[in-house]
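Visitor: turn this into a structure:
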Amino acid sequence: MHISDQGIYYGDYLQLDKILSAQDLESEKAGRPAHDEMLFIVTHQAYELWFRQIIHEIESILSLFEQPVIPDNSPDFYTIFHRLSRVKTILQLLVKQIDVMETMTPLDFLDFRNLLRPASGFQSVQFKIVEAALGLKQPDRHGELYYISQLRPQDAAVIQRIEGRRSLLELTNEWLERMPFFREEAFWGQYAPIFPPADGAPHPFWSDYYQLYEQSLQANERGNLRQFERFFLADDDKQGKLSFEARRNALFIMLYRDFPLLHLPFQYLSLLLDMDELMSTWRFRHINMVNRIIGLRTGTGGSTGKDYLKAALDRHYIFNEIAGLTTFLIERSNLPVLPVDVQRRLGFAAG
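Guide: Just a heads-up that it's a prediction; the model follows:
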């Protein structure tokens with residue numbers, strides 16, 4: 001039997017004829033082949049393939065999150081967590097991939113660098129899609145006006161379309177808002193306050209927690225109280241990317257993560273922070289690589305090179321408001337005891 005009659009052939013299934021013939025070296029066209037241009041192309045093509053997979057995962061996650069209801073112990077939420085964990089693992093690989101790029105020396109790069117202008121990684125449409133889908137929008141970027149000016153009009157339109165859709169950060173905010181623990185007052189009928197509530201005090205739990213948090217602060221941390229009041233007591237949804245209700249519920253998840261029902265929500269929030277850290281680590285490694293390879297010269301796309309990347313590193317955190325909630329944690333031993341009804345709902349107390 002001929003091999004073509006035995007089903008799908010490996011090379012055909014992966015379309016290797018297209019992939020392995022897609023390394024078109026500019027240095028060879030110029031008549032002065034540069035050995036390391038192959039490494040440069042293959043590495044960036046690998047990045048773009050992994051960006052393709054990340055977008056595939058994020059698109060499915062956004063579709064699941066857009067459902068009107070998604071219980072925290074449902075199969076859909078486990079699917080979201082699993083696929084986002086895969087994105088995290090891919091990001092770890094992308095950080096590690098810089099090690100391969102750094103085997104190229106500055107002189108190796110100069111052999112073909114000027115042939116690349118004005119192409120630049122800044123024109124990676126897929127990377128911008130990943131950032132926008134996660135929650136980094138144009139007004140929050142460093143170099144806002146430069147952001148899509150280097151793209152072809154059709155590519156810029158794709159980015160703007162993605163930015164018009166609710167991002168993972170926005171859908172996470174909505175998911176946090178739907179948590180019932182402070183919406184349903186019946187849960188707190190048996191709550192035993194630690195401190196006498198003041199006139200006009202907020203929810204009894206938060207009234208107690210505010211005073212416990214105040215007692216936990218060092219003298220030079222007293223300014224945190226004003227921010228606590230703004231974030232958790234002022235009922236003002238215009239403080240940032242997370243709403244008042246979402247911030248409360250996220251902090252509650254962090255505080256009581258040991259209850260079974262809150263295990264997965266806490267791990268999900270931690271996963272978002274892991275991804276932010278990995279993207280920041282990638283940017284940091286990229287800065288060091290650029291400094292090592294081209295020093296203070298401008299990027300091939302016309303940016304300020306290292307200086308632009310450093311400013312983007314400082315500004316392009318997506319889930320920093322979730323990370324900032326750790327400012328308001330207190331010791332486990334001092335946490336208010338939850339009412340039996342709440343403990344039962346969280347799956348810890350006996351029936």
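Visitor: buried residues in the helix or strand V290 falls within?
Guide: If you go by DSSP states H and E, V290 is part of helix 260-294. Burial within helix 260-294, assessed by neighbour count using 16 or more other C-beta atoms under 10 Å, is assigned to 262-266, 268-269, 271-283, 285-287, 289-290, 293-294. No exception for glycine: its C-beta is placed from N, CA and C like everyone else's.
Visitor: and stretch 31-39, by the same measure?
Guide: A34, D36, E37, L39.
Visitor: and what of stretch 321-333?
Guide: In terms of neighbour count (16+ other C-beta under 10 Å), stretch 321-333 has its buried residues at E321, I322, L325, F328, I330.
Visitor: residues touching the closest residue to the last one other than its chain neighbours, list them.
Guide: Okay, so that is I330. With C-beta to C-beta, 6 or more residues apart in numbering as the criterion, I330 has its nearest non-adjacent residue at 4.8 Å, and that residue is S216. Neighbour list for S216: I330, E331, N334 [criterion: C-beta atoms under 8 Å, 6 or more residues apart in numbering].
Visitor: so how far is T326 from S216?
Guide: According to C-beta to C-beta, to the nearest Å, S216 stands 13 Å off from T326.
Visitor: ok, H82 next?
Guide: 25 Å.
Visitor: OK, contacts around Q218?
Guide: Contact analysis of Q218 by C-beta under 8 Å, 6+ apart lists nothing.
Visitor: how much space is there between it and N224?
Guide: 10 Å.
Visitor: on that earlier part again, can you tell me which of the buried residues of stretch 31-39 lies nearest to D208?
Guide: For these, the residue nearest D208 by C-beta to C-beta is L39; the value is 59.7 Å.
Visitor: what residues does that closest one make contact with?
Guide: V100, M101, T103, M104.
Visitor: hmm, 6 Å instead?
Guide: M104 (C-beta atoms under 6 Å, 6 or more residues apart in numbering).
Visitor: helix or strand: which one has it?
Guide: If you go by DSSP H and E, L39 is part of helix 37-65.
Visitor: tell me the contacts of L49?
Guide: So L49 contacts nothing (C-beta under 6 Å, 6+ apart).
Visitor: do you know how far it is from G223?
Guide: 47 Å.
Visitor: can you pull the buried residues of the helix holding L39?
Guide: 37, 39-41, 47, 50-51, 54-55, 57-58, 61-62, 64-65.
Visitor: least confident secondary structure element in this protein?
Guide: For the chain, counting by mean pLDDT, DSSP states H and E, helix 306-315 ranks last in confidence among helices and strands (a mean of 64).
Visitor: count of neighbours near P202?
Guide: Neighbour count of P202, defined by other C-beta atoms under 10 Å: 18.
Visitor: one more: L176?
Guide: Here the count is done by other C-beta under 10 Å, and L176 has 22 residues near it.
Visitor: for the strand or helix carrying it, packing partners?
Guide: Using DSSP H and E, L176 falls within helix 168-177. Applying 3 or more C-beta pairs under 6 Å, 6 or more residues apart in numbering; DSSP states H and E, we find helix 168-177 packed against helix 244-255.
Visitor: who are the packing partners of the helix it packs on?
Guide: So helix 244-255, by 3+ C-beta pairs under 6 Å, 6+ apart, packs with helix 168-177, helix 260-294.
Visitor: what is the neighbour count of E185?
Guide: Other residues close to E185 by other C-beta under 10 Å number 8.
Visitor: also I90?
Guide: Neighbours of I90 under the rule other C-beta under 10 Å: 16.
Visitor: ok, S333 to S207 distance?
Guide: Taking C-beta to C-beta, one finds S333 at 20 Å from S207.
Visitor: ok, F51 next?
Guide: 47 Å.
Visitor: what's the answer for Q154, then?
Guide: Distance from Q154 to S207, by C-beta to C-beta: 55 Å.
Visitor: so those two - more neighbours on which side?
Guide: Higher neighbour count among Q154 and S207: S207, with 19 against 8, using other C-beta under 10 Å.
Visitor: where's that one relative to K241, distance?
Guide: 26 Å.
Visitor: quick one, helices of the stretch 51-200 of the chain?
Guide: If you assign secondary structure with DSSP state H, counting those that start in this stretch, the helices in the stretch 51-200 of the chain sit at 75-101, 106-110, 125-134, 153-163, 168-177.
Visitor: this completes my enquiry, with thanks.
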